[in-house]
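S.K.: Let me see the structure of the following:
(one chain, ligands or ions: 1)
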Amino acid sequence: MDQVSESEQLWRLTMEHSPIGMTLVGQGGELLVANRAFCEMLGYPEQVLRTMTFQEITYPEDLAADLALLEETLAGARSSYRIRKRYIHADGHLVWGDLSVALLRSEDGSPIHFISQILDVTAQQEYERRLAVAAEMLDHQRRLAEAVYDSVDVGLVLIDRSGRYETMNRRHRDFMALAFPDGHEGLAGQTGAVYGSDGVARLSREEMPTYRASQGEEFDDVRMWIGDDTITRRALSVSARTVHDQEGGFAGAALAYTDVTDFMRALDVKDEFVASVSHELRTPLTAVLGHLELLADRTDLPADMAQQVRVIERNAVRLRHLVGDLLHVAQVRDSGLQLARSAIDLRLLVQQAVEAAIPSAQAARVTLLADAADDVVAMVDGQRLRQVVDNLISNALKYSDGGGSITVSLQRTEDLLDIAVTDTGIGIDEAELDRLFTRFFRGQQAQVRMAPGAGLGLSIVQSIVQAHGGRVQVESEVGVGSRFRVLLPYIAP
Ligand code: ADP
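M.R.: Numbers count the residues shown, from 1 in each chain. Purely as a prediction, here's the structure:
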């Protein structure tokens with residue numbers, strides 16, 4: 001085999017087995033040779049392709065650009081070119097090709113034919129198209145999110161894992177200006193003109209919502225006031241959620257601040273109204289009860305009238321109780337709770353509270369027991385603490401059904417008094433647990449059962465327990481029962 005035919009043989013082999021489409025094209029565009037890859041790419045047998053021109057298999061819209069480059073090459077302005085264009089497959093669909101063309105010239109420089117290499121880039125083209133669509137969609141979403149972020153009426157802040165502010169929206173910048181008139185360092189926990197829900201006590205670093213969120217805490221509806229000026233200050237309700245990284249670790253937190261100024265001011269007005277009305281009700285109610293008592297003592301009343309007097313008296317007592325609760329709440333709100341501590345026998349206190357409730361328990365067919373083994377004498381406000389135990393027993397009775405049982409236990413450890421009221425009643429939905437102690441809050445079941453009450457009992461319990469430096473714990477399961485534990489620091493007489 002001579003040298004020429006050997007190199008030609010090599011060339012043919014290369015061409016035939018190349019995974020890239022290859023053709024030899026005459027000066028008029030006729031396809032002289034097409035390799036297997038190109039035939040497969042366009043779905044034609046080679047004999048058929050050889051009868052065609054590249055113009056016929058090029059998508060009409062892409063032909064002009066190809067021809068222009070071809071002319072330039074023939075004219076000697078360039079020796080090769082590269083273009084991305086569409087071919088028409090034998091079955092009619094379009095195939096994207098990345099085409100490289102070189103012109104082979106004879107020794108005297110006259111053109112012989114074109115050598116073309118065509119890479120099928122249909123999949124890549126489709127991928128790029130989809131990528132472009134996705135990028136555009138992403139960009140649209142981003143702009144939309146940005147617009148929403150900046151226009152919502154809620155202050156939004158994102159902090160990173162070290163508590164540094166990452167971003168905040170326009171609304172929150174207004175809040176920041178009010179809370180930090182001297183500027184903010186951009187780090188969670190900085191204190192400023194930020195006050196608790198009473199509007200009086202400044203929040204400490206540990207109480208600041210950003211600080212709590214930076215410690216991984218999640219919460220809802222934490223109320224606070226910002227600003228020093230009583231006219232321009234705003235009330236905010238804050239919630240926080242933790243942000244996780246891909247491994248589920250703590251990556252920071254998102255906080256949302258809702259302006260609840262109008263709501264808080266309305267609450268204040270309501271409180272003032274309730275307090276003044278309750279106050280006004282007390283005097284006439286005392287007179288009504290006094291006269292009812294006199295009436296009830298009379299022996300000359302007809303039986304049906306005596307019965308009616310008892311009904312009136314029972315309801316008037318309930319009314320007095322409600323007015324008392326309302327006044328208690330108003331007083332705690334306005335001036336806190338003043339305790340009158342003295343040495344109190346707590347076992348006696350618990351026993352008396354249980355005994356007083358026995359008639360109601362019997363009427364409700366509920367077993368009521370005191371479980372106070374040891375003598376415990378401590379410095380507490382006896383009257384207030386009795387109110388606590390009474391309220392808890394009254395709730396346990398209200399939310400128990402016939403056949404149930406209630407136990408009131410008393411224990412003392414080294415430094416803690418532990419009074420627990422445990423019932424086998426209806427229990428409390430988990431979603432309601434953290435609102436139980438809010439004034440006027442009534443559970444769903446309490447409303448369904450139409451149990452008497454205004455939603456003040458537990459708030460009173462909590463205010464008294466907190467005034468003693470203690471806390472109330474609740475454990476409850478729907479359908480099983482509840483346990484309210486009052487834990488007080490023990491002060492020896
Ligand atoms: P009230 O009993 O007047 O509704 P409270 O402040 O005493 O108000 O209690 C608030 C709510 O807590 C009640 O409405 C009720 O849903 C729930 N609750 C309190 N004690 C119990 C209990 N022992 N068992 C079940 N639910 C209770």
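S.K.: only C-alpha atoms for contact and neighbour calcs from this point on.
M.R.: Fine.
S.K.: Give the next helix or strand downstream of the helix or strand that contains residue 173.
M.R.: Take DSSP states H and E as the rule and residue 173 turns out to sit in helix 170-179. Per DSSP H and E, the first helix or strand lying C-terminal to helix 170-179 is strand 194-195.
S.K.: what's the domain layout of this protein?
M.R.: 3-120, 152-259, 265-335, 342-489 (automatic domain parsing).
S.K.: comparing those domains, which gets the lowest mean pLDDT score?
M.R.: Note on the domains of the chain: domain 265-335 shows the lowest mean pLDDT, a mean of 89.
S.K.: Which helix in the protein has the most residues?
M.R.: helix 261-297 (DSSP state H).
S.K.: for that helix, packing partners?
M.R.: Contacts defined by 3 or more Cα pairs under 8 Å, 6 or more residues apart in numbering; DSSP states H and E place helix 261-297 against strand 234-244, helix 303-335.
S.K.: 6 Å instead, please
M.R.: Using 3 or more Cα pairs under 6 Å, 6 or more residues apart in numbering; DSSP states H and E, no helix or strand is in contact with helix 261-297.
S.K.: how much does that helix deviate in direction from helix 303-335?
M.R.: 150 degrees (axes from the mean of the first three to the mean of the last three Cα atoms, to 10 degrees).
S.K.: what angle do helix 261-297 and strand 234-244 make?
M.R.: 110 degrees.
S.K.: Buried residues in helix 261-297, which are they?
M.R.: 261, 264, 271, 274-275, 278, 282, 285, 289, 292, 295-296 (16 or more other Cα atoms under 10 Å).
S.K.: Please tell me how far the residue nearest to the spatial centre of the chain sits from residue 212.
M.R.: The centre of the chain sits closest to residue 241, judged by Cα atoms, centre = their mean, with a distance of 5.6 Å. Distance, residue 241 to residue 212, by Cα to Cα, to the nearest Å: 11 Å.
S.K.: so which helix or strand takes in residue 246?
M.R.: Per DSSP H and E: nothing holds residue 246, as it lies in no helix or strand.
S.K.: Provide the backbone phi and psi angles at it.
M.R.: The phi/psi pair for residue 246 (degrees, to the nearest 10) reads phi -60, psi -30.
S.K.: Check what contacts stretch 398-405 and list those residues.
M.R.: 364-368, 423-426 (Cα atoms under 6 Å, 6 or more residues apart in numbering).
S.K.: One more: stretch 108-123?
M.R.: 20-27, 95-105.
S.K.: Helices of this protein, residue ranges please.
M.R.: Going by DSSP H, the chain shows helices at 3-17, 36-42, 46-49, 54-57, 60-74, 122-151, 170-179, 209-214, 261-297, 303-335, 346-363, 382-398, 444-448, 457-467.
S.K.: May I see the buried residues of the third one?
M.R.: Right, the one you point to is helix 46-49. For helix 46-49, by 16+ other Cα under 10 Å, it's 46, 49.
S.K.: Setting the sequence-adjacent residues aside, check what's closest to residue 426.
M.R.: For residue 426, ignoring the flanking residues on the chain, the nearest one in space by Cα to Cα, 6 or more residues apart in numbering is residue 479 at 4.8 Å.
S.K.: dump the residue contacts of the closest residue to residue 468 other than its chain neighbours.
M.R.: Nearest residue to residue 468, sequence neighbours excluded (Cα to Cα, 6+ apart): residue 488, at 6.7 Å. Residue 488 makes contact with 416-417, 470 under the criterion Cα under 6 Å, 6+ apart.
S.K.: So which of these belong to strands?
M.R.: Mapping the contacts of residue 488 onto strands (DSSP state E) picks out 416-417.
S.K.: neighbour-wise, which of the contacts of residue 488 leads?
M.R.: Neighbour counts for the contacts of residue 488, by other Cα atoms under 10 Å, peak at residue 417, which reaches 21 neighbours.
S.K.: For that residue, give its distance to the ligand.
M.R.: Using Cα to the nearest ligand atom, to the nearest Å, one gets 20 Å for the distance from residue 417 to the ligand.
S.K.: who's in contact with that residue?
M.R.: Residue 417 neighbours (Cα under 6 Å, 6+ apart): 487-488, 490.
S.K.: Dig out what it forms beta bridges with.
M.R.: Judged by DSSP bridges, the bridge partners of residue 417 are residue 412, residue 488.
S.K.: distance of it from residue 111?
M.R.: 107 Å.
S.K.: Enumerate the residues of the chain near the ligand.
M.R.: Taking Cα under 6 Å from any ligand atom as the contact definition, the chain meets the ligand at 395-396, 399, 425-428, 436, 441-443, 445-446, 453-459, 482.
S.K.: out of these, which are buried?
M.R.: 395-396, 399, 425-428, 436, 441-443, 446, 455-459, 482.
S.K.: So which of the helices of the chain has the densest surroundings on average?
M.R.: helix 209-214 (a mean of 24; mean count of other Cα atoms under 10 Å).
S.K.: what does that one rub up against?
M.R.: By Cα under 6 Å, 6+ apart, helix 209-214 touches 163, 188-189.
S.K.: Now do the contacts for residue 477.
M.R.: Applying Cα under 6 Å, 6+ apart, the residues contacting residue 477 are residue 427.
S.K.: Let's see that with 10 Å instead.
M.R.: For residue 477, the contact set (Cα atoms under 10 Å, 6 or more residues apart in numbering) comprises 424-430, 483.
S.K.: what's the farthest-apart pair in those?
M.R.: Based on Cα to Cα, the longest span within these runs between 424 and 430 and measures 16.4 Å.
S.K.: roughly how far is the longest helix of the chain from the heart of the chain?
M.R.: 40 Å (Cα atoms, centre = their mean, to the nearest Å).
S.K.: Then stretch 109-122?
M.R.: Worked out by Cα atoms, centre = their mean, stretch 109-122 lies 62 Å from the chain centre.
S.K.: CA-only coordinates of it, as CSV, when you get a sec.
M.R.: Taking Å, rounded to 0.1, in the frame of the first residue of the first chain, the C-alpha atoms of stretch 109-122 are listed here in CSV:
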residue,chain,number,x,y,z
GLY,A,109,-5.2,27.4,-4.0
SER,A,110,-8.3,26.6,-5.8
PRO,A,111,-11.1,25.2,-3.6
ILE,A,112,-11.7,21.5,-3.7
HIS,A,113,-14.4,20.8,-1.1
PHE,A,114,-15.5,21.5,2.4
ILE,A,115,-14.9,19.2,5.4
SER,A,116,-17.6,19.6,8.0
GLN,A,117,-17.8,18.3,11.5
ILE,A,118,-21.2,18.4,13.2
LEU,A,119,-21.7,17.7,16.9
ASP,A,120,-25.3,16.9,17.9
VAL,A,121,-26.1,19.5,20.6
THR,A,122,-29.9,19.1,20.7
